[in-house]
Every structure is written in structure tokens, then in C-alpha cells.
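Novice: coords below, sequence missing:
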């Protein structure tokens, strides 16, 4: 069982940066692949980024590639999403997810989800 709590969201101007954190609980946190999804108002939840349990392998949605970076610190049971060059279209609630099957992070079939953190990018 893994519980996830996101933080770090807020209001930022276009072109700015934010760093989201997702703290996980449970002794087996390090065995899970981790990722981020987002959901904008009136839209379906969409994949943003994912990384393997080691953090060495990562995967990004085309819309954020080159601007966002996912990383993790297993000693702190935390995964991060560094977001640079933010655009108004990045405005959404951001959710972290965890699963021991990497493909589930991308498809959204993850076993575990956080409650979300709001990111608002003003133009």
C-alpha cells in the first residue's frame, strides 16, 4: 500500500518555473515506478511524465518534453516534477501516480494516486 501527497503547486506567470513534489509513504516506495498526470478544466486527465523505480529511465508527453523534468529521491520517498518555461495551457491539477507496472503509469491504470495540486499559469 502506498499513499501519495503532492505539494508545490501555485500561481506563476507564463515563462516561469515551479517544482512539484510527491511524497510517498510505505516501506516499498522504492520498488514502484512513478509518474505525473494532469487534468485541465473540462478536459480528460492526461499523461505528463514517468520514471522507473531507479529514476534512470524517463518518459514524457510531447507537450512537455524539453520543459519538464521528472526525478526521484528514494531516500526521501519523493518524486519531483520540475516545470520550466510554463505556458497557460499547462494550467491544470497535477496528480502523481505509482505502480509496479511501468506501462500503467502512462495509460493511467495506476494502482495509486495522490489528491492533486493546482498549477495555474497566467498569461
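Specialist: Now that the structure is in, tell me what you want to look at. Being a predicted model, the structure only gives us computed values, none of them experimental.

Novice: In the lowest-mean-pLDDT helix or strand in the chain, which residues are buried?
Specialist: Within the chain, no helix or strand scores below helix 102-107, which has a mean of 91 by mean pLDDT, DSSP states H and E. Neighbour counts using 16 or more other CB atoms under 10 Å place 102, 104-106 of helix 102-107 among the buried residues. Quick note: C-beta positions are derived from backbone N, CA and C, even for glycine.

Novice: in its sheet, what does the helix or strand following it sit against?
Specialist: Downstream of helix 102-107, the first helix or strand assigned by DSSP states H and E is strand 112-113. Sheet pairing of strand 112-113 (DSSP bridges) gives strand 92-99 (antiparallel).

Novice: Check which residues of the partner strand are buried.
Specialist: So, applying 16+ other CB under 10 Å, buried residues of strand 92-99: 92-99.

Novice: ok, so of these, who is nearest residue 32?
Specialist: Closest to residue 32 out of those is residue 98 (4.3 Å), distances taken as CB to CB.

Novice: Surely residue 48 and residue 67 touch.
Specialist: No - under the criterion of CB atoms under 8 Å, residue 48 lies out of contact with residue 67, with a separation of 10.6 Å.

Novice: If you count surrounding residues, which of these two has more?
Specialist: Neighbours per residue, other CB atoms under 10 Å: of residue 48 and residue 67, the larger number sits with residue 48, 26 against 15.

Novice: out of everything not next to it in sequence, what's closest to residue 97?
Specialist: Of all residues not flanking residue 97 in the chain, residue 110 sits nearest, at 3.8 Å (CB to CB, 6 or more residues apart in numbering).

Novice: To clarify, my last question referred to residue 70.
Specialist: With CB to CB, 6+ apart as the measure, residue 49 is the residue that lies nearest to residue 70, at 4.1 Å, once sequence neighbours are left out.
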